[in-house]
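Peer 1: Generate coordinates for the sequence data below:
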Amino acid sequence: MDTKNSETTRAKTAKQIRESTKLTTSKLAVTLGLKTNELNKIFVAMGYLEKKGKNFTLTKQGKAMGGVMKSNGTRAYILWDENTTIS
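Peer 2: Residues are numbered from 1 along each chain as shown. The predicted structure is shown next:
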């Protein structure tokens, strides 16, 4: 058995597991009973996001709260831990 490939497979699996517990802002909004634009406004007020033009970007504070910027090649989106709450 190739140990290097086995380690790579385990690392990818662990990464996939971590990312599978993350939700897009829109899916998180649904779980919190909000509309996406409402949650975005809350995250801006909390300092997790900044609005730049029509887009939102993740701040250092947002990264510290578990936010992760991703891109599917055509557009960027943010993933949040499924247990993210607002207060």
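
Peer 1: C-alpha only now, for contacts and for neighbours.
Peer 2: Noted.

Peer 1: Could you say which helix or strand holds the residue most central in space within the chain?
Peer 2: With distances taken as CA atoms, centre = their mean, residue 79 lies nearest the centre of the chain, 1.3 Å away. Secondary structure from DSSP states H and E places residue 79 in strand 76-81.

Peer 1: can you tell me how far residue 45 sits from residue 86?
Peer 2: Distance, residue 45 to residue 86, by CA to CA, to the nearest Å: 11 Å.

Peer 1: out of the two, which sits in the busier spot?
Peer 2: Ranked by neighbour count (other CA atoms under 10 Å), residue 45 and residue 86 place residue 45 first, with 11 against 8.

Peer 1: How much space separates the more buried one from residue 35?
Peer 2: Distance of residue 45 to residue 35, given as CA to CA: 16 Å.

Peer 1: coming back round to it: if we look at the strand holding residue 79, which residues are touching it?
Peer 2: 21-25, 28, 58, 66-71 (CA atoms under 8 Å, 6 or more residues apart in numbering).

Peer 1: pull the CA atoms of it into PDB?
Peer 2: The C-alpha trace of strand 76-81 is given here as PDB (Å, rounded to 0.1, in the frame of the first residue of the first chain):
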ATOM      1  CA  ALA A  76     -17.000  33.700  -4.700                       C
ATOM      2  CA  TYR A  77     -19.000  32.700  -1.600                       C
ATOM      3  CA  ILE A  78     -18.500  32.300   2.100                       C
ATOM      4  CA  LEU A  79     -18.900  29.200   4.200                       C
ATOM      5  CA  TRP A  80     -19.800  29.400   7.900                       C
ATOM      6  CA  ASP A  81     -19.800  26.700  10.600                       C
END
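
Peer 1: Please renumber the chain so that the first residue is 766 from this point on.
Peer 2: I'll keep to 766 as the first residue from here, and by that count the last item is strand 841-846.
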